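Trainee: coordinates for the following, if possible.
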Amino acid sequence: MFKTALIIAAATISTGAIAQDAEVSVANGERISIIGGCHDCHSTNYAETGGKIDPATALKGNPVGYSGPWGTNYAVNLRLVVASKSEDEWVPYIKTLQAGPPMPWFNLHVFTEAESRSLYQYIKSLGDPGDPAPERVPPGQTPKTPYIVFAPPVMPQ
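Mentor: As a prediction, the model looks like this:
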C-alpha cells in the first residue's frame, strides 16, 4: 500500500505542478540550499557536523576533490560565482549550467525562477566571498589536495 501511494504521488509531480509564485527570500534560499544538497559538497564540514551550517564557510567551496576518469573536480565557491553575477544573470546561468562529475547540474534546470532568485539572495547574504576552490586536475595527474575516488569499479563484461 505505502509503495503504491508513493509511486502514484511521484508520478503526478512535474515541474509544471510546482508553484511559480513562491516568495523570493533569503530564508527560502537557505531552505533550497539545504534540500537541494548545495551544502553537501560546497560547504566544508557540513556532513561531518550533521548538517550544521557554519556561516563563515557556507558555500565557499571545498578543498577535497572528487576524482574519477574525468580527472579531479572540486565543488566551487558559490559565493564567488554569485559575486560575479547579478541576480538577473544568475537565473539563466543555473538554468543552463553544465558541470563535471559528481555535480548533479541537471537538477538545477528544474528550479523555478523564485527558487533561483531565493538561492542567489541567500548565497549573497552570506557575506565575504572568500577564495576560489582548487582548480580542476586533468585525468592522469595526481591532485595536491585530499580527494575522494568517485568512480565505480570495473564492471563485468
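
Trainee: correct me, but residue 72 touches residue 146?
Mentor: No - counting by CB atoms under 8 Å, residue 72 sits too far from residue 146 to count as a contact (10.3 Å). Placement of C-beta: from N, CA and C, glycine included.

Trainee: between those two, what contacts are shared?
Mentor: residue 65 (CB atoms under 8 Å, 6 or more residues apart in numbering).

Trainee: who has more neighbours out of those two?
Mentor: Neighbour totals were compared for residue 72 and residue 146, and residue 72 leads with 25 against 9 (other CB atoms under 10 Å).

Trainee: just the element for the more buried one, please.
Mentor: Under the criterion of DSSP states H and E, residue 72 resides in strand 71-73.

Trainee: tell me the first helix or strand C-terminal of that strand.
Mentor: Strand 71-73 is succeeded, C-terminally, by helix 78-83 (DSSP H and E).

Trainee: buried ones in that following helix, by neighbour count?
Mentor: For helix 78-83, burial by neighbour count (16 or more other CB atoms under 10 Å) applies to 78, 79, 80, 81, 82.

Trainee: next one: stretch 53-60
Mentor: Under the neighbour-count criterion of 16+ other CB under 10 Å, stretch 53-60 has 53, 57, 58, 59, 60 buried.

Trainee: can you pull the contacts of the residue nearest the centre of the chain?
Mentor: In the chain, the residue lying closest to the centroid (CA atoms, centre = their mean) is residue 38, at 3.5 Å. Residues in contact with residue 38 (CB under 8 Å, 6+ apart) are 32, 59, 78, 119.

Trainee: let's see that with 7 Å instead.
Mentor: 59, 78 (CB atoms under 7 Å, 6 or more residues apart in numbering).

Trainee: same deal with the one 3 residues further on?
Mentor: Applying CB under 7 Å, 6+ apart, one finds that residue 41 lies in contact with 62, 75.

Trainee: how far off centre is the helix or strand where it lies?
Mentor: Following DSSP H and E, one finds residue 41 within helix 38-42. For helix 38-42, the gap between its own C-alpha mean and the chain's C-alpha mean amounts to 6 Å (CA atoms, centre = their mean, to the nearest Å).

Trainee: quick check: mean pLDDT of that helix?
Mentor: The pLDDT scores in helix 38-42 average 97.

Trainee: cool, thanks, talk later.
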